[in-house]
Structures are given as C-alpha cells and as structure tokens.
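> I would like the atomic coordinates for the input below:
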Amino acid sequence: MLIEEIMKTEVLTLTPDHTVKDAADLMRSRHIRHLPIVVQDNQLVGIVTDRDLKEIIPYGNQKTEDIIAAYEMLLSECMVKNPTIGHPMDFVEESALVFYHNKIGCLPIVSNQKLVGIITETDLLYKYIELTGAHQPGSQIEVRVPNIPGILYEVSKVFNEFQTNVQSVLVYPDKENEANKILVIRIKTMNPLPIIEGLKGRGFDVLWPNFPGAEV
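Presented below is the predicted three-dimensional model:
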C-alpha cells in the first residue's frame with residue numbers, strides 16, 4: 001500500500017512569519033498536534049508540534065512579559081527546520097520504519113518540492129487495525145508451523161473445509177525455533193472451536209486458543 005492512499009491531503013499550515021500564539025490557537029481550535037510550516041508555492045520549510053509549543057510557552061507563576069514574549073515568538077525561530085519527509089509513492093511499511101527510527105509523530109508528504117499531504121502515528125495505527133481486521137467481529141487463532149514453502153496453503157485448506165472467511169494473516173518468526181513461523185490468523189466467526197479441532201487434526205500446533213472451550 002502506498003502513502004498516497006492513506007495520507008491526508010487537506011493540510012493545515014502556517015508560515016514562518018506566524019507566531020507561537022497563531023500556532024497554539026490553530027492547534028487548539030482544530031484539535032491537531034502537528035503544523036507544517038510553508039512558504040510560497042507550498043514549499044515545506046519546517047514543522048511545529050504541540051510538544052514544541054509546550055517547551056516554549058511558560059507555565060505556572062511566570063512574569064507577564066515572559067508569557068507575552070513567548071506567544072509573540074515567530075515560528076521561524078522555533079520550528080524544526082528540514083524535517084523528515086515522505087513521498088506519495090513510498091510504501092506504508094517503509095514509512096512506518098521511518099517513524100520508528102526517527103521517533104517522530106508525523107510525516108509531511110512532499111512531491112516536486114511541494115507539500116501535498118501528511119500522515120501521523122494515528123493514521124498508521126488505524127491502517128494497521130483496518131488491515132488486520134481487528135475492528136471487525138471475529139476470532140483470532142495462532143498456529144506454529146514449519147517454515148517451508150507451501151505451508152500457508154496447507155493451513156488454508158482447513159479454513160476452506162469449514163467455509164470460513166479469513167480476514168487477515170500475519171506471519172511472525174518463532175523466537176524459540178528459527179525453523180518455525182507463527183501464523184496469526186483472524187477469521188470471520190465468533191466460534192472458532194471446530195476450526196481449531198480441524199487444525200489440530202491436521203497436525204498443526206495451535207498456540208491460541210490453546211485448549212478447547214477457550215475464549216477468543
């Protein structure tokens with residue numbers, strides 16, 4: 001999946017000549033936490049986050065002049081310059097790694113040197129939930145299988161036998177044995193017990209639910 005499929009294209013922005021007060025007011029009124037800073041032709045030059053503002057705006061028993069000075073500060077003085085960016089044709093999985101390695105909360109999306117969108121941690125989390133089908137009624141089954149070609153096909157035969165729709169399949173390494181993989185399969189049924197018995201009958205090691213009658 002590409003970033004252009006999930007990015008927000010209607011992006012609220014400010015310019016370097018706006019003030020901290022402008023940014024704080026806009027974030028508060030529109031319930032956002034990230035503001036790209038642009039110049040002419042929507043060229044991205046920086047970004048300001050709610051965390052940045054919390055470090056700038058005084059709190060507690062501060063002098064009035066200090067508070068006024070903080071709110072009047074230009075964004076050009078406090079924005080993060082040359083922020084990490086993405087491109088609409090980047091893969092979502094690659095962008096998730098960018099979030100992880102750079103410890104950022106948003107990723108401005110730039111094409112032809114112009115800001116065209118933005119994605120946030122929340123966007124990625126929701127897309128993960130959507131892709132795994134976790135937001136839909138269903139059950140989850142975890143199966144340990146040997147890491148060999150064709151094994152997923154063999155497992156799928158059981159679901160086909162019980163005419164059960166598979167919502168998603170995730171594959172993880174088995175930390176205890178590199179020769180195995182863990183399949184996390186989400187299915188569209190609230191009663192997975194017959195399928196679990198079918199998997200066990202074919203010799204598959206069902207990790208979750210790990211005994212008949214277990215709640216899913």
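> just how off-centre is the strand or helix carrying L97 within its chain?
Using DSSP states H and E, L97 sits within helix 92-102. Here the centre of helix 92-102 is set off from its chain's centre by 9 Å, with Cα atoms, centre = their mean, to the nearest Å.
> same question for that helix, mean pLDDT?
What helix 92-102 shows for mean pLDDT is 93.
> continuing past it, what's the next helix or strand?
strand 106-111.
> What segments of this protein are strands?
Ranges of strands in the chain, per DSSP state E, are 34-39, 43-49, 80-81, 106-111, 114-120, 139-146, 166-173, 180-187, 205-208.
> Including mean pLDDT, distance to M73 and mean neighbour count, could the ones you listed go into TSV?
Just so you know, the C-beta spots here come from the backbone N, C-alpha and C atoms, and that holds for glycine as well. What follows is the strands of the chain, written out as TSV (pLDDT from 0 to 100; distance: least, Cβ to Cβ, whole Å; neighbours: other Cβ atoms under 10 Å):
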stretch	mean pLDDT	distance to M73	mean neighbour count
strand 34-39	97	13	22
strand 43-49	97	11	21
strand 80-81	96	14	12
strand 106-111	97	21	22
strand 114-120	97	23	20
strand 139-146	95	50	18
strand 166-173	92	46	14
strand 180-187	95	48	19
strand 205-208	94	53	16
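> Residue ranges of each domain in the protein, please.
The record assigns the chain these domain ranges, following automatic domain parsing: 3-128, 134-208.
> Centre-most residue in the chain?
Closest to where the C-alpha atoms of the chain average out (Cα atoms, centre = their mean) is L124, at 2.0 Å.
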